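Enquirer: Here you go, sequence then predicted model.
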Protein chains: 2
Amino acid sequence: MSVPLYQAKAEMFRVLGHPVRIRVLELLQDGPRPVRHLLTEIDIEASGLSQQLAVLRRAGVVVSFRDKGLVMYALSTTAVADLLAAGRRILREVLTDRDELLKLLS
Amino acid sequence: MSVPLYQAKAEMFRVLGHPVRIRVLELLQDGPRPVRHLLTEIDIEASGLSQQLAVLRRAGVVVSFRDKGLVMYALSTTAVADLLAAGRRILREVLTDRDELLKLLS
DNA sequence: GGAGAAGTTGCAGTTGTTTGCAATTCGGGT
DNA sequence: ACCCGAATTGCAAACAACTGCAACTTCTCC
């Protein structure tokens, strides 16, 4: 491997570190969706969404294909959903820890 | 919650999306470590490491405490290790998928 | 094959991050 | 109290990422 492994890992997480991209992945957890549908759910211009989808595609996190005139996107592997779930779990723990700290101070 | 949830999630992943920060977290998976030790493992200046540790601290991913003159860092929750593991899993799948694609083309 | 919707690409301006260095703080030992 | 190693902080320069808009490609359907 030419690129050190930890750098590839960082890259993977960095790709998830954007509000629009996270939203896209969450929507795709429920199955493949056409770009058109993502656009109705996320408040962003078509070109902006395309840019972010391209980032996800290049990273191999999602795949796209055409279906009856619409471009569909889907998670490339179910492991992506696992990662999102793990992220949610941490967020919950970190936030509740922080809340308890606030309670102690008030 | 003032900040939309998906933005907090993005923030969480973004924090992990840096080579040095990933390396730190991986080293901390084996238990608390002094800054001094991290410095011997990662090729970076002390001040740079401090900056990255501060990012991790602010995000609540790690905690720090002092032990006999040394500052120690530790993962704030074991869920962080789970997240790293999930990341590794995805990376493996994405990379092997890509390799198989390359084989087909060669 | 022409019109129009669906997506993508390219680019320039702006914004946010990273990095390296100097200065500073904080403790512990003597 | 003083010194020294350990860590952190504050900036400014360099770099990367995001945004918005216009142009362009590609389908599909008639």
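Expert: Structure's in. What do you need?
Enquirer: shaky segments in chain A?
Expert: For chain A, the stretches with pLDDT under 70 are A:1-3.
Enquirer: In the lengthiest helix in it, which residues are buried?
Expert: In terms of residue count, the longest helix belonging to chain A (DSSP state H) is helix A:79-105. Buried residues in helix A:79-105, counted by 16 or more other CB atoms under 10 Å in any protein chain shown: A:79-84, A:86-91, A:93-94. Every residue, glycine included, has its C-beta placed from N, CA and C.
Enquirer: show me the contacts for residue A:24.
Expert: Neighbouring residues of residue A:24 by CB atoms under 8 Å, 6 or more residues apart in numbering or on different chains: A:38, A:42, A:49, A:52, A:53, A:56, A:62, A:73.
Enquirer: What helix or strand is it located in?
Expert: Assigned by DSSP states H and E, residue A:24 belongs to helix A:19-28.
Enquirer: so, in contact with DNA strand C or not, that helix?
Expert: No - Helix A:19-28 does not reach DNA strand C (CB under 7 Å from any atom of the strand); its nearest approach is 10.8 Å.
Enquirer: and that helix, which residues are buried?
Expert: By 16+ other CB under 10 Å, the buried positions in helix A:19-28 come out as A:19, A:20, A:21, A:22, A:23, A:24, A:25, A:26, A:28.
Enquirer: cool, and stretch A:36-47?
Expert: Residues of stretch A:36-47 classed as buried by neighbour count (16+ other CB under 10 Å): A:38, A:42, A:44.
Enquirer: From chain B, how far off is the residue most central in space within chain A?
Expert: Central residue of chain A (CA atoms, centre = their mean): residue A:22, 3.1 Å from the mean position. Counting by CB to the nearest CB, to the nearest Å, the separation of residue A:22 from chain B is 5 Å.
Enquirer: Can you verify my assumption that that residue contacts residue B:10?
Expert: Yes - between residue A:22 and residue B:10 there is a contact under CB atoms under 8 Å: 4.6 Å.
Enquirer: what is in contact with those two at once?
Expert: Taking CB under 8 Å, 6+ apart as the contact rule, the neighbours common to residue A:22 and residue B:10 are residue A:16.
Enquirer: just to revisit the earlier point, against which helices or strands is the longest helix of chain A packed?
Expert: Secondary-structure packing of helix A:79-105 (3 or more CB pairs under 8 Å, 6 or more residues apart in numbering or on different chains; DSSP states H and E): helix A:19-28, helix B:5-16, helix B:79-105.
Enquirer: what's downstream of the shortest one, the next helix or strand?
Expert: Downstream of helix A:19-28, the first helix or strand assigned by DSSP H and E is strand A:33-34.
Enquirer: wait, does that next one make contact with chain B?
Expert: No - figure legend: strand A:33-34 not in contact with chain B (CB under 8 Å from any CB of the partner chain); closest approach 15.9 Å.
Enquirer: can that strand be found next to DNA strand C?
Expert: Yes - counting by CB under 7 Å from any atom of the strand, contacts between strand A:33-34 and DNA strand C involve residue A:34.
Enquirer: right, and the helix or strand after that strand?
Expert: By DSSP H and E, the next helix or strand past strand A:33-34 is helix A:35-41.
Enquirer: ok, and what's touching that following helix?
Expert: A:23, A:24, A:27, A:46, A:49, A:50, A:53, A:70, A:71, A:72, A:73.
Enquirer: Alright, that wraps it up for me.
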